[in-house]
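Colleague: Give the three-dimensional model of this entry:
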Amino acid sequence: MSHFKLGVEVTSAHDLLPKDGQGASNAYVEIHFDGQKNKTTIKENDLNPVWNETFYFNISNPNKLHELTLDAHVYHHSKPTNKKTCIGKVTLNGTSFVPFSDAVLLHYPLEKPSILTRSRGELGLKVFLTSDPYITASSPLPAMNTNMAGDPRAAQAAAMDGMSDIFSSSNKSDMRQRRTFHHLPKDSNSKQPQMVVPPPPSQPMEDPPRTNYGAYEMRARPPQPPRPLYSGQPSMMQPPDYSLKETSPVLGGGRVVGGRVIPDIRPASTYDLVEKMEYLFVRVVKARNLPSMDVTGSIDPYAEVRLGNYRGRTKYFAKNKNPEWNQVFAFAKDEQQATELEVVVLDKDLVVNDIVGRVRFDLHEVPTRIPPDSPLAPEWYSLEDENQEKKKWEIMLAVWYGTQADEAFPDAWQSDAAVVDDPSSSYQAHIRSKVYHSPRLWYLRVNVIEAQELLVSEKNRSPNVYVKVQIGSQVDRTKIVQAPNKNPIWNEELMLVAAEPFEEHLTLTVMDHLAPNKDEPLGKVVLRIADVTRRVDDKNIQSRWHGMERSTSAAMDPENLKKDKFFSRLHLEVCLEGGYHVFDESTYYSSDLRPTSKQLWKDAVGILEVGILNADGLHPMKTRDGRGVSDTYCVAKYGHKWVRTRTIINNLNPKYNEQYTWEVYDPATVLTVGVFDNSQIGGGQNNGSSKDMEIGKVRIRISTLETGRVYTHSYPLLVLHPSGVKKMGELHLAIRFSCTSMLNMMYLYSRPLLPKMHYVRPLSVIQQDRLRHHALKIVVSRLTRAEPPLKAEVIEYISDMHSHLWSMRRSKANFSRLTSVFSGLLGTGKWFGDVCQWKNPVTTVLVHILFLMLIFFPELILPTAFLYMFVIGVWNYYYRPRYPPHMNTRISHADVATPDELDEEFDSFPSTKSPDIVRMRYDKMRVIARRIQSVVGDIASQGERVQALLSWRDTRASAIFMVFCLVAAVVLYITPFQLLALLAGFYVMRHPRFRRKLPSRPFNFFKRLPTRADSML
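Modeller: Just a heads-up that it's a prediction; the model follows:
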């Protein structure tokens, strides 16, 4: 049996509803969990009873803990009738249970036991999980009457009688039974619980029982990891180390228990989804009247803030006695190793930096600033020399304690994200948290209609011309058309991607295809994208003729366009499409589905708040000073907004505690959060690579989140390597989705997923995939030019750029998903086959009765089907997933993929492997394609047999079928449909003794029909 147990400490109740008719209640608590029941003692005539009793329950199956519930009922015991009346109840879900180290006392409001009753008051419970093998489950109280409840001595005697029975049975069954704590009734005036501990069976029974005050039960236990959560079918279970773990952290708004925030006594801060981190802030504004330190009578000053081993430096100014720095330094309070802060002004020199003066602060005297207070005003402080004498040189400073909610925190130098070896290095710009916005993307539709008066080099040759369309690095072309009269007609539409602000030009070049790899330009047209017509629907736009020039420079010269030297023209229809959504990420994990034009945007339906708390157990990604380290940061992407946390240096368990907010316009979108190692930090060896290495990512679909609930889970960071799947650590997130308009949210489920233009003028799959790659390249080029840049490999990893490439593992996983989808249908077919075979006669008879009811009352067919689905939905509601889905190695087939399949998946395109490996993989693909070819051929053959019924390819078979159709028409006309359906149903479900093992005659007839397979080579 598992050692996991659930501990429930019932402390007290408050403001209960009086039930005895005299303004009081005889209250006790009855607890139900996993088929077990325990109850506390009765507190007479008390509306605020105190129990302080602890019970332990066995957990039969820890893997199904999230499906269990704990029910605590508060009852009133009536003495005259010896009956109980429910005052209220508390129901806790299994996902809210936490280890003992994280458990806190919570007062839960009592719920009404039924609709027609009322309830009030609170019940104090402390619920926790334990795996201590020396703790046994509590035994239920022996039956007792009300007189014993009021007399402690009588209750003690009754308990002793119960104990003797327990010991006698214990000696007969098992001499090694562990001690069990039994809760005894006591006087209502007593405030401490009394627990009778039975002596071991080997001790004589004449010794009185000793009183135990719970020291054994409530002793300190080692901290336990969060319980893993499982979801889905048993075949989709994955190892516990790869599973999601629910946590109960203390955030800015209070402790989170089961998705509900228990408010703290202190006022909640704006950052209520992250843990509060205190910092010592030092703002170094400027200095004045600094002395001359060089022989030239000048000074190159800079300031250094010192706190223990941490050093923060400002930039230095050359030859300036009144420098202005205006820089902020933040030192983590939990990492402070000193009680004194020192700000030193130095003169930068080639050999030794000379000290100009210093200012010291006692940290016990530093004030605390709580937003939204105004910023602390800086003050002038006189500098002290080496002899601690005040000088006339002064520095303006502001020192205060604050949290990460302080507006100075994002741009401050941070001690937990600082390069210790060089505090003033240029790496500081690459480790700060930033928010990025993707550029607004448009589809550019170019309809190349025709050209006139083309001038070719050889006048007697008919040119083979096409038009090349280009925006930046995007290039597309029309088909090649032969133009004998030098007036080719294409009438072909091309689609490209453009981004605001429209800085690039649209270039169209008419090319003459002379030979393979040999083309000659005949003219160019250059258009400013900013001048192109914009539309949001499918209305026709006016086409225009554009004069062509020989070169790009001539085509871009406005003065040259007024001259009529070159008579070739190009007929175009160009517009910017604002009614489409431009995909710049994988279509499976889209984070935004709005059209490009803001005129078509609807109001937001909710707010998504994400707190990036911390990461645990990260793998070292580089070596520094002979040890493995990681310099990690997180990137979250939803919609057009990208966020990047600060980089935590030399820490495998970094704490970020940063909170971000997004507006949600459609719940059918996905939030993606990734963890990366920063390669810009010096002093490390990252396998010779300058790329930021991915550590893992998490995807969360917004529609799977309940409104208003706070999800605090630790997500495993799983990465697929050529050697197999590997867990790189865990990412701790706090997520809350708040709905601003539930009516709009429900209405949205009836609206099309994509904008209207995707259905009016749809794009092909190949065209959409090509445009997605172009859009992603534009986003990469824009965000990599930001400061600090968001690297290309980070954007591609978050956007799943390579998710559409071939993968044998992914193909098997998709086939397994398809099999799982149809498993219910296959299971129904198997069940019906068993019914037809009369394997369970009772079930078959019931199915016959149901069949008769549906035949004689056909109006019940649809109501029965929908009622059945309603009942199944209500049944599944109890087992619904109570946490977001996460990466599953079993569904992804990552745990069963062979090394060759993984090596093929990580191969580039085109392949860089040796010819032997490529030939081997090609042969394997041929085997798989042969199976698919056979299946497709069989499906085609069955369809051709159906066509052959009336095609007279087999005259005898067609004649038989024609006679059957005629007879069937007459029979169906004169026979009631209900009778035919009844006969057909009884025939299909007939008893096996009336069946033959040979195939039926209609099946034999169908298999003999001809197919077109005979005509294939």
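Colleague: Run through the helices of the stretch 701-850 of the chain in chain order.
Modeller: Remark: helices assigned in the stretch 701-850 of the chain by DSSP state H, counting those that start in this stretch are 742-748, 757-760, 765-783, 792-798, 808-821, 823-836, 841-856.
Colleague: meant to ask about the stretch 501-650 of the chain, not that
Modeller: 552-556, 558-561.
Colleague: can you pull up the bridge partners for L129?
Modeller: L6, P99 (DSSP bridges).
Colleague: Report how many residues lie close to it.
Modeller: 22 (other CB atoms under 10 Å). The C-beta positions use only the backbone N, C-alpha and C, and glycine is treated the same way.
Colleague: helices or strands next to the longest helix seen in the chain in the packing?
Modeller: Identified as the longest helix of the chain according to DSSP state H is helix 915-951. Under the contact definition 3 or more CB pairs under 8 Å, 6 or more residues apart in numbering; DSSP states H and E, helix 915-951 sits against helix 955-974.
Colleague: what angle sits between the helix it packs on and helix 915-951?
Modeller: Per axes from the mean of the first three to the mean of the last three CA atoms, to 10 degrees, the angle that helix 955-974 makes with helix 915-951 is 60 degrees.
Colleague: Go through helix 955-974 and flag the buried ones.
Modeller: Neighbour-count burial for helix 955-974, counted by 16 or more other CB atoms under 10 Å, picks out A957, S958, F961.
Colleague: List the residues that contact the first one.
Modeller: Which is A957. By CB atoms under 8 Å, 6 or more residues apart in numbering, A957 lies in contact with A948, L949, F1005, R1008, L1009, P1010.
Colleague: Now do the contacts for the spatially most central residue of the chain.
Modeller: Note on the chain: the residue nearest the mean C-alpha position is I700, at 2.0 Å, using CA atoms, centre = their mean. Counting by CB under 8 Å, 6+ apart, I700 makes contact with V670, L671, T672, V673, I735, P884, P885.
Colleague: any idea which of these is the one closest to E859?
Modeller: When these are compared for distance to E859 (CB to CB), P885 wins out at 40.3 Å.
Colleague: Grab the nearest non-local neighbour of that closest one.
Modeller: T704 (6.2 Å; CB to CB, 6 or more residues apart in numbering).
Colleague: F281 - how many residues pack around it?
Modeller: Using other CB under 10 Å, F281 has 22 neighbouring residues.
Colleague: got it, and W642?
Modeller: Neighbour count for W642, taken as other CB under 10 Å: 22.
Colleague: begin at 3 from here
Modeller: Got it, first residue is 3 now, which makes that one W644.
Colleague: Quickly list what it is bridged to.
Modeller: W644 has the following beta-bridge partners by DSSP bridges: Y438, K639.
Colleague: hang on, it packs against S435?
Modeller: No: between W644 and S435 there is no contact under CB atoms under 8 Å: 11.5 Å.
Colleague: Least confident of the helices of the stretch 503-652 of the chain, on average?
Modeller: By mean pLDDT, the lowest-scoring of the helices of the stretch 503-652 of the chain turns out to be helix 560-563, with a mean of 56.
Colleague: Does anything pack onto the strand ranked longest in the chain? Which helices or strands?
Modeller: When the chain is parsed with DSSP state E, its longest strand is strand 726-741. If you count contacts as 3+ CB pairs under 8 Å, 6+ apart, strand 726-741 packs onto strand 608-618, strand 672-679, strand 695-703, strand 712-723.
Colleague: and the second one with strand 608-618, angle?
Modeller: Between strand 672-679 and strand 608-618, the angle comes out at 30 degrees (the same axes, to 10 degrees).
Colleague: The longest one too?
Modeller: When the same axes, to 10 degrees is applied, the directions of strand 712-723 and strand 608-618 differ by 60 degrees.
Colleague: can you pull the buried residues of strand 712-723?
Modeller: By neighbour count on 16+ other CB under 10 Å, the buried set for strand 712-723 is V712, Y713, T714, H715, S716, Y717, P718, L719, L720, V721, L722.
Colleague: Reformat these as TSV; add distance to E306.
Modeller: Formatted as TSV, the buried residues of strand 712-723 follow (distance: CB to CB, whole Å):
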residue	distance to E306
V712	42
Y713	44
T714	40
H715	42
S716	39
Y717	40
P718	42
L719	38
L720	44
V721	41
L722	46
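Colleague: Dump these to a markdown table, plus pLDDT and distance to R122.
Modeller: Below are the buried residues of strand 712-723 laid out as a markdown table (pLDDT from 0 to 100; distance: CB to CB, whole Å):
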| residue | pLDDT | distance to R122 |
| --- | --- | --- |
| V712 | 90 | 26 |
| Y713 | 91 | 30 |
| T714 | 91 | 30 |
| H715 | 91 | 34 |
| S716 | 91 | 37 |
| Y717 | 92 | 40 |
| P718 | 92 | 43 |
| L719 | 92 | 46 |
| L720 | 91 | 48 |
| V721 | 90 | 52 |
| L722 | 88 | 55 |
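Colleague: Return the member of those nearest to V10.
Modeller: T714 (21.9 Å).
Colleague: give the contact list for that closest one.
Modeller: T714 neighbours (CB under 8 Å, 6+ apart): E248, T249, S250, P251, L253, V258, G261, L615, H734, L735, A736.
Colleague: Please name whichever of those residues scores lowest on pLDDT.
Modeller: G261 (66).
Colleague: now the nearest residue to S384 once chain neighbours are set aside: how far from R290?
Modeller: Nearest residue to S384 in three dimensions, chain neighbours excluded: K392, at 4.7 Å (CB to CB, 6+ apart). For K392, the distance to R290 equals 15 Å [CB to CB, to the nearest Å].
Colleague: Kindly confirm my reading that K66 is in a helix.
Modeller: Yes: per DSSP: H, G, I helix; E, B strand; the rest coil, K66 lies within a helix segment.
Colleague: and it, how many neighbours?
Modeller: 13.
Colleague: next one: M623
Modeller: Other residues close to M623 by other CB under 10 Å number 23.
Colleague: okay, the residue nearest to it when sequence neighbours are not counted: pLDDT?
Modeller: Of all residues beyond its chain neighbours, the one nearest M623 is D679 (3.9 Å), with distances taken as CB to CB, 6+ apart. For D679, the pLDDT comes out at 92.
Colleague: Let me see the contact set for D679.
Modeller: Contacts of D679 by CB under 8 Å, 6+ apart are M623, K624, S632, D633, T634, N688, D694, M695, I697.
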